[in-house]
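In: 3D model of this:
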Amino acid sequence: MSMINQAIKEDVEKILKKNKEFLFSLAGKKVLITGGNGFIPSYIVDTLTIINKQLNNPCKLILLNKNPINEKSRLSHLINDSNIEFLSQDVGKPFKINSKIDVIIHAASRANPTSFLENPLDTIDSNVNGLRTLLDFAVKNPVENFIFFSSAEIYGNPPNEFIPTPENYNGNVDCTSKRACYSESKRFCETLCMTYFRKYAVPIKILRIFHTYGPGLRNDGKAITDFFKNGVNYKKILLKDRGESRMTFCYVSDLINAIFLILSKGKSGEVYNVGNDLEDISIIELAKIIGSIIGGVPVIAGEQGNYRDRFKIELRKPDISKLRELGFAPEIFLKEGLFRMYNSLGI
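Out: Below you'll find the model as predicted:
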C-alpha cells in the first residue's frame, strides 16, 4: 500500500487550516463522492480523512469509482480506512446505499482529452447517464448539498468582449468537433442540473472548473503533464503549433479551497466559475517555464498551419467575481505551483 505523496500532504494540511470551520460541520455526515480516485476529488478525500482524526463523530465517505481501488491507485493508502466505503461500479447504473446521504460531490467524468477523444460515446454516456442517475437518487433520497463538476469547456472560444468569461456567457462551441462529445455533454448536464433544481428542488451547485494542476495530476494529454513528461524523458519540449493560445492555470489547493467555500456558502441553483483569474500565459511561455524548472530543456515550436480554426481557443480566462464575493482569492502563483509539482515527481 502506497503512502500519500509528501507534496500532496503539505497541500492538504494548508487546506485543512483554511477550511476547519466548514470541515468540522461535516461531523457525522455521510458524503458520496463519485470518481473519488481522480486528481481533484482525491484531494477532497484526503482532506476529509485527515479531519476525521480530529472529530469525535467522523464523517463517513462513500466513494463510487468505476474501477476498483488497488495498491496502485491514488487512494491506495486509504483502502483500510474504517470511515470509507468503496463502491466499484459505473455511476450511470443504479446503485443501492442503505444509509442516508447528506452531501453528493459528483466528480466522475472522462476529463482528459486523450480519453474522451478515444471514447466519445462512452464520454457522452458517462457524463449524462451518471449525472441523471445521481439526480434521480437525490430526488428519492433528499440531500443537503449537491456539487456537480462541470467544465470551462462549455464556453468554447469566447470573443474578446467576454474575456474574462463570466457565468452568464452562453458559449461558442462547435457541436461537430471531436471535442464536442465532452463539451456538449457537459452543457446538457448543466441543463439537467437546473431542471432538477427547478422541478424537484435538488440543491445543486454547478462548478465550471478551469485548468487545474498540481501534484498527482496524471499524464493525460494536457499541456502541463505533457511538457513535464517530454522534458524529463526526451530532454526537449515539442509544441504542436506556435503555442500562441493563452490560458490561466489554478493550483489544486486553491481549487479545493474554492470547492469547500461553495459547499459552505454557495447558493443552490447557481453556477460558479472556479479557477485563477490573476495570471494568463501563452502555451509557449508555459513550456519555457517548465523547461527551465527541469533544467535548460529547449522548447521547439511547431507550425501554425494554413488556416486558423475559429473555434480554437485563443484565450481562456475566468471571471471569478461571484466566487470572490464568497471570500475566495487564489494564493498559489504559477511558478510556485509548477515547482511544487515538479518536486513531487521525485526526479
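
In: the helices in the stretch 101-250 of the chain, which residues?
Out: Remark: helices assigned in the stretch 101-250 of the chain by DSSP state H, counting those that start in this stretch are 113-118, 120-140, 180-200, 223-234.

In: other SSEs contacting the last one?
Out: Using 3 or more CB pairs under 8 Å, 6 or more residues apart in numbering; DSSP states H and E as the contact definition, the elements that helix 223-234 packs against are strand 237-238, helix 283-294, helix 334-344. For glycine as for every other residue, the C-beta is placed from the backbone atoms N, C-alpha and C.

In: and the angle for that helix with helix 283-294?
Out: On the basis of axes from the mean of the first three to the mean of the last three CA atoms, to 10 degrees, helix 223-234 is oriented at 50 degrees to helix 283-294.

In: return the distance of helix 223-234 from the chain's centre.
Out: 21 Å (CA atoms, centre = their mean, to the nearest Å).

In: only the buried residues of that helix, if you could.
Out: 223-228, 230-232 (16 or more other CB atoms under 10 Å).

In: closest to Gly216 out of those residues?
Out: Taking CB to CB as the measure, Gly216 lies nearest Thr225 of the buried residues of helix 223-234, at 10.6 Å.

In: and the nearest residue to that closest one once chain neighbours are set aside, what is it in contact with?
Out: Excluding the flanking residues, the one nearest Thr225 by CB to CB, 6 or more residues apart in numbering is Asn219, at 4.7 Å. By CB atoms under 8 Å, 6 or more residues apart in numbering, the residues touching Asn219 are 225-226, 229.

In: which of these lies closest to Leu323?
Out: When the contacts of Asn219 are ranked by distance to Leu323 (CB to CB), Thr225 comes first, at 25.4 Å.

In: list of residues touching stretch 226-242?
Out: By CB under 8 Å, 6+ apart, the residues outside stretch 226-242 that reach it are 219, 283-284, 286-287, 290-291, 294, 297-305, 341-342, 345, 347.

In: what of stretch 290-307?
Out: Residues external to stretch 290-307 that are found in contact with it (CB under 8 Å, 6+ apart): 224, 227-228, 231-232, 235-244, 284, 287-288, 338-339, 342.

In: so which bits of it are buried?
Out: 290-291, 293-294, 297, 299, 301.

In: could you export it as PDB, CA atoms only?
Out: Extracted in PDB, the C-alpha atoms of stretch 290-307 (Å, rounded to 0.1, in the frame of the first residue of the first chain):
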ATOM      1  CA  ILE A 290       8.700  24.100 -17.300                       C
ATOM      2  CA  GLY A 291      11.800  23.700 -19.400                       C
ATOM      3  CA  SER A 292      13.800  26.000 -17.100                       C
ATOM      4  CA  ILE A 293      12.400  24.200 -14.000                       C
ATOM      5  CA  ILE A 294      13.600  20.900 -15.300                       C
ATOM      6  CA  GLY A 295      16.900  22.400 -16.200                       C
ATOM      7  CA  GLY A 296      17.700  24.100 -19.600                       C
ATOM      8  CA  VAL A 297      15.300  22.000 -21.600                       C
ATOM      9  CA  PRO A 298      14.700  23.600 -25.100                       C
ATOM     10  CA  VAL A 299      11.200  24.300 -26.400                       C
ATOM     11  CA  ILE A 300      10.600  23.700 -30.100                       C
ATOM     12  CA  ALA A 301       7.500  25.300 -31.500                       C
ATOM     13  CA  GLY A 302       5.500  23.800 -34.400                       C
ATOM     14  CA  GLU A 303       3.900  25.400 -37.400                       C
ATOM     15  CA  GLN A 304       0.600  27.300 -37.300                       C
ATOM     16  CA  GLY A 305      -0.800  25.600 -40.300                       C
ATOM     17  CA  ASN A 306      -2.500  27.100 -43.400                       C
ATOM     18  CA  TYR A 307      -5.700  28.200 -41.700                       C
END
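
In: in the protein, which residue is most central in space?
Out: What sits nearest the mean C-alpha location of the chain, by CA atoms, centre = their mean, is Ile40, with 4.9 Å.

In: next, the contact list for it, please.
Out: By CB under 8 Å, 6+ apart, the residues touching Ile40 are 107, 149, 209, 212, 252, 255-256, 259.

In: and if you look at Leu278?
Out: Leu278 makes contact with 248, 330, 333, according to CB under 8 Å, 6+ apart.

In: buried ones among these?
Out: Buried members of those, counted by 16+ other CB under 10 Å: 248, 330.

In: dump the contacts of Leu278 to CSV, plus distance to Ile79 and pLDDT.
Out: Below are the contacts of Leu278 laid out as CSV (distance: CB to CB, whole Å; pLDDT from 0 to 100):
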residue, distance to Ile79, pLDDT
Thr248, 36, 96
Pro330, 33, 96
Phe333, 35, 96
